[in-house]
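**Q** Build me a model from this:
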Amino acid sequence: HDAAERRLAARKGRAGIVGVNIGANKDSADRIGDYERGVTRFAPYASYLTVNISSPNTPGLRNMQARAQLGELLARVMAARASASAKPPVLLKIAP
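**A** Have a look, this model is predicted:
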């Protein structure tokens, strides 16, 4: 995250659209927390944020598309965005 944040900070103020794709760490015990931290950290640099819950390389990640988990994820992501200094639109990437 540190390297990505440095690169985004260096380009802040320049023209263009910047999308930030946020994912969970593969071995995380708190995946929703990973998304919250990503939103909090990268919202100030993003034109939009993508919450990615479709990675086939992350075991169990697609389970977050179930109604209960998805509801909690979106509620916590949107709460993190609401408390961030910038409030870019949030897109959700799901499996086909």
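**Q** ok, which stretches of this protein are strands?
**A** 19-22, 48-52, 90-93 (DSSP state E).
**Q** In TSV: those strands, plus distance to Asp34 and mean pLDDT.
**A** All C-beta spots, glycine's among them, are computed from the backbone N, C-alpha and C. As requested, those are exported to TSV (distance: least, Cβ to Cβ, whole Å; pLDDT from 0 to 100):
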stretch	distance to Asp34	mean pLDDT
strand 19-22	8	97
strand 48-52	10	97
strand 90-93	15	97
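**Q** Select, out of the ones you listed, the one closest to Gly38.
**A** Among the strands of the chain, strand 19-22 comes nearest to Gly38, with 3.7 Å by Cβ to Cβ.
**Q** hmm, back to that, out of the strands of the chain, which comes closest to Glu72?
**A** Checking these against Glu72 by Cβ to Cβ gives strand 48-52 as the closest, at 12.5 Å.
**Q** By mean pLDDT, flag the weakest helix or strand of this protein.
**A** helix 2-11 (a mean of 94; mean pLDDT, DSSP states H and E).
**Q** Provide the contact partners of that one at residue level.
**A** Val18, Val20, Arg41, Phe42, Tyr45, Ala46 (Cβ atoms under 8 Å, 6 or more residues apart in numbering).
**Q** switch the cut-off to 10 Å
**A** Val18, Val20, Gly38, Arg41, Phe42, Pro44, Tyr45, Ala46 (Cβ atoms under 10 Å, 6 or more residues apart in numbering).
**Q** For the top helix by length along the chain, buried residues please.
**A** Looking across the chain with DSSP state H, the single longest helix is helix 67-83. By neighbour count on 16 or more other Cβ atoms under 10 Å, the buried set for helix 67-83 is Leu73, Val77, Ala80, Arg81.
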